[in-house]
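Trainee: just to be clear, the model below is a prediction. Sequence and coordinates:
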Amino acid sequence: ISFYSQFGAQIGAAIEIPLLLVALYFRSRDRRDTQVRLSALSRVDPLTGVASHRLLMDRLEHLLERHQRDPHIGAVLRVRMVNGPEIRAAYGASLAQAALVRAGACVAMPAQVSDTVGRHKDGDFVLLIESRTTESQVTDVAQRIIAEGLRPGRNLPRDLMLHLHVACVCCPLPRDDGERLLRHLGNLLDEIAKTPRK
């Protein structure tokens, strides 16, 4: 009987257990990282970096609840990039995506820290102003968004301008649920697109 035949199983277990623990650590770390990424994707739109539709709707419902207690709080702006199909046809899909990212930045530019910028499930952007605001302040924010879209972007051709249409509602907000409110603003954007000079 040699030393290795007598203690081989114990030596093998002493080597195998730390290796197994290291493998389990790396596996759990990868699983945790994947869960963190999936959680982030549920809160953030992967293309533009603004809030996802689900998070946007949660914040909108919260804003409408707060508005019931204080009717001077809140405004909702829905922004649509209307020349997206023309950009895709003229420059291709990758530049159309870059233009969409630029549109999201245009909407986020006038937002305050307490505000929420999100992307609706149909592709429009929504800005929730979650502080006390007036109609003139909301109009000023809408004009700044439109003006920012007309400026040349860093990753876009210099002659390319984003045509952004904005529909907004400010306090007092209607007593609708969030989906119905955004649908009304979407209908208003459709009417604006039919009469662009108005």
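Mentor: Right, received. Where do you want to start?

Trainee: what helices or strands is the lengthiest helix in the chain leaning on?
Mentor: In the chain, assigned by DSSP state H, the helix with the most residues is helix 3-43. Under the contact definition 3 or more C-beta pairs under 8 Å, 6 or more residues apart in numbering; DSSP states H and E, helix 3-43 sits against helix 53-69. Bear in mind the C-beta positions are built from the backbone N, C-alpha and C, glycine included.

Trainee: between the helix it packs on and helix 3-43, how many degrees?
Mentor: Between helix 53-69 and helix 3-43, the angle comes out at 50 degrees (axes from the mean of the first three to the mean of the last three C-alpha atoms, to 10 degrees).

Trainee: now the element after helix 53-69, going C-ward?
Mentor: strand 73-81 (DSSP states H and E).

Trainee: next, the angle from that following strand to helix 53-69.
Mentor: 150 degrees.

Trainee: return strand 73-81 as PDB; C-alpha atoms alone will do.
Mentor: Extracted in PDB, the C-alpha atoms of strand 73-81 (Å, rounded to 0.1, in the frame of the first residue of the first chain):
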ATOM      1  CA  ILE A  73     -48.100  69.600 -11.000                       C
ATOM      2  CA  GLY A  74     -47.300  68.000 -14.300                       C
ATOM      3  CA  ALA A  75     -47.300  68.200 -18.100                       C
ATOM      4  CA  VAL A  76     -47.000  65.600 -20.700                       C
ATOM      5  CA  LEU A  77     -45.400  66.100 -24.100                       C
ATOM      6  CA  ARG A  78     -45.500  63.500 -26.900                       C
ATOM      7  CA  VAL A  79     -42.800  64.000 -29.600                       C
ATOM      8  CA  ARG A  80     -42.800  62.400 -33.000                       C
ATOM      9  CA  MET A  81     -40.000  62.500 -35.600                       C
END
